[in-house]
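Enquirer: Need a 3D model of the sequence below.
(one chain, ligands or ions: 1)
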Amino acid sequence: MSIILDHVNYIYSQGTAYEKHALQDINLKIEDGEFIGLIGHTGSGKSTLIQHLNGLMKATEGCIYYNGQDIYDSDYNLKELRSKVGLVFQYPEHQLFETSIIKDVKFGPSNLGLPALEVDLRAYEALKQVGIGEDMIDLSPFELSGGQKRRVAIAGVLAMKPEVLILDEPTAGLDPKGRDEILNLVSSLHKENKITVILVSHSMEDVANYVERLIVMDHGKIMFDNEPKKVFTHYKALEQIGLAAPQVTYVMNRLKECGQSVNTEPTTVDEACEEIIRWAKKKGILLT
Ligand SMILES: Nc1ncnc2c1ncn2[C@@H]1O[C@H](COP(=O)(O)OP(=O)(O)OP(=O)(O)O)[C@@H](O)[C@H]1O
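Expert: Here you go, the predicted model:
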């Protein structure tokens, strides 16, 4: 599986006074099994970009290839693409509408026209994956906590058995515990199901801890596309576009500016601790 975007442009309300060039010459290759963070300030084009990946929006210019096939070919099956590239919108729990959790999760696979048994199996499996027990499946989604509702909404997309899972700000509005639970869930889906994940976020701390590749957008363009630690070396440029590197990056760079020979690449607290211990040992400083 791969997704290729070839010179993709998207213009809202083209030819009107409200024209907005939201995607500008986007070239990307997303490989099978990657865990990607997509980050950018409000209005940088993240939501517009991800809606192109499953064919919900059509590029004004440029091509998109899924597994080598041009998704804009007249005979391309866009319905199938949408089941393969699952999109979890911001606040997905607002789209829960059935009277029970299980009915909600079955909705997508039922619409694919699958046999009832297959629909049941997929729904139970998806709910298990997101940690919703069988004792809860007949509850109304509205009896759940915010984090649980969100997990049910993610199960609804997982029940479609997507090859690519895209989550738009999956932690928005959750408390720190709910946020960690969702990010750990997404991380385990990536590891255990070998599913390609694209995580849209405003939070560098979130993405630094989880993703392997980070794409930074600014004004409809891709500004950086690299491993997180490499992207964070540009922390000053990130600040200029209203973003910030993780706190750890600032601590390590401050040490370096003070003349200490530390590696400034750690992006997580654990990595920074290891680096500081290494540096202290080298200096003969005893850290207890
Ligand atoms: N329906 C629309 N009509 C006109 N312009 C739009 C429309 N939707 C988005 N835009 C504009 O396109 C640009 C990109 O918007 P988009 O929602 O993709 O950004 P984003 O990075 O996802 O923002 P956020 O983080 O706030 O969700 C913005 O300038 C936005 O105002």
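
Enquirer: Only C-alpha atoms from now on, for both contacts and neighbour counts.
Expert: Will do.

Enquirer: quick one: the helices in the stretch 51-200 of the chain?
Expert: 78-84, 101-111, 116-129, 146-158, 176-193 (DSSP state H, counting those that start in this stretch).

Enquirer: which non-adjacent residue is nearest Lys229?
Expert: Nearest-residue entry for Lys229: Glu265, 5.4 Å, with adjacent residues in sequence omitted and distances by C-alpha to C-alpha, 6 or more residues apart in numbering.

Enquirer: correct me, but Arg213 touches Ile39?
Expert: No: with contact defined as C-alpha atoms under 8 Å, Arg213 does not count as touching Ile39 (10.8 Å).

Enquirer: Of these two, give the one with the bigger neighbour count.
Expert: A direct count of neighbours by other C-alpha atoms under 10 Å for Arg213 and Ile39 places Ile39 higher, at 25 against 21.

Enquirer: what kind of secondary structure is the more buried one in?
Expert: Put simply, Ile39 is strand when judged by DSSP: H, G, I helix; E, B strand; the rest coil.

Enquirer: for it, what are its contacts?
Expert: 46, 200-204, 214-217 (C-alpha atoms under 8 Å, 6 or more residues apart in numbering).

Enquirer: near the ligand too, which of those residues?
Expert: Near the ligand, judged by C-alpha under 6 Å from any ligand atom, the entries from the contacts of Ile39 are Lys46.

Enquirer: Show me which of the contacts of Ile39 are buried.
Expert: 46, 200-204, 214-217 (16 or more other C-alpha atoms under 10 Å).

Enquirer: Filter those down to just the ones in strands.
Expert: 200-201, 214-217 (DSSP state E).

Enquirer: Buried residues of stretch 37-53, list them for me.
Expert: 37-41, 44-53.

Enquirer: ok, which pair from those residues is furthest apart?
Expert: Among the buried residues of stretch 37-53, the pair separated by the greatest distance (C-alpha to C-alpha) is His41 and Leu53, at 19.8 Å.

Enquirer: Fine by me, thanks again.
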